[in-house]
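Novice: sequence and computational prediction follow.
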Amino acid sequence: MTDIEIIKKLEQYDTPSITNVVATYPKNKELCLGLYDPWTVNWYTDETLKCMYPVLGKRAGIAVTCIVGLPNPDSDRLQWADVFRAINNAGLPVILAIKQELPKEIKRKNGLSGGNLTTAFKAAGAVGAISDGPSRDIDEIRPKEFQYMLTGVCAGHGDFSIKAVNVPVNICGMDIAPGEVIHMDENGAVKFPREVLPKVLEYVTILLAKEAEMQKKVEAATGDVEKIIRIMQGFE
């Protein structure tokens, strides 16, 4: 399978299951890659990130990153055009990670990306975006089937500018490097290196089959708590 095919296949699975095979259970060497220390490395997002369109389901793609901040006429040279080109040059479905380096009192009311920018993001090759601040035009964007993971929404914004494109960023507790894979749904987002795409798909497929079998056994044992305990402990 190509990387594009694997990425699309991963959208059939929920993000918590992806975290399980990436790093959540490092002692399970058969079905967990153990890529990160689960607690000390910033490899998934925290509770401040919210899914704007849960009905759209999961999204996965290669990370393209950018940083926005307040305008500085003496140093600003980058534009949104540079972001569009970076998305297009990725060659795979993209999750755009937008870091908002703004003063706190401004960041909370920065309706960053509306319908026009979102249309351009999608046309350039992005399937979703993740940001550590709010955005806007939720109703306008909904029919575009472009997934947003944000801290919230607000109606307006002032001037801001692009400070960097494709540099490491931290979004709501998750460290993201350009080119990493991001998988996200209403539970949050997780990242992992592109080179392990085949293993992530292999492991999550096996894991969910095993979990489905176990849950079926537990449901069949309804009312027999001792049998339920044995099943959960792996003895049946």
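Specialist: Cool, the structure landed. Fair warning: this is a prediction, and the values are worked out from it, not measured in the lab. Residues are numbered from 1 along each chain as shown.

Novice: quick one: buried residues of stretch 131-141?
Specialist: 131, 132, 133, 134, 135, 136, 137, 141 (16 or more other Cβ atoms under 10 Å). C-beta: built from backbone N, CA, C; applies to glycine.

Novice: hang on, residue 200 in a helix?
Specialist: Yes: using DSSP: H, G, I helix; E, B strand; the rest coil, the assignment for residue 200 is a helix.

Novice: residue 10 versus that one, what's the distance?
Specialist: For residue 200, the distance to residue 10 equals 7 Å [Cβ to Cβ, to the nearest Å].

Novice: comparing these two, which residue is more hemmed in?
Specialist: Neighbours were counted for residue 200 and for residue 10 using other Cβ atoms under 10 Å; residue 200 has more, 25 against 22.

Novice: what's the pLDDT at that one?
Specialist: pLDDT recorded at residue 200 is 98.

Novice: contacts only, for it.
Specialist: The contact partners of residue 200, by Cβ atoms under 8 Å, 6 or more residues apart in numbering, come to 10, 18, 21, 22, 33, 181, 192.

Novice: mind listing which of these are in helices?
Specialist: Residues from those lying in helices, with DSSP state H as the criterion: 10, 18.

Novice: what packs against the longest strand along the chain?
Specialist: Across the chain, the longest stretch assigned as strand under DSSP state E is strand 59-69. Under the contact criterion of 3 or more Cβ pairs under 8 Å, 6 or more residues apart in numbering; DSSP states H and E, strand 59-69 touches helix 3-10, helix 80-89, strand 94-100, strand 126-131, strand 161-165, strand 181-185.

Novice: packing partners of the last one?
Specialist: Okay, so that is strand 181-185. The contact analysis (3+ Cβ pairs under 8 Å, 6+ apart) places strand 181-185 against helix 15-19, strand 59-69, strand 94-100, strand 126-131, strand 188-192.
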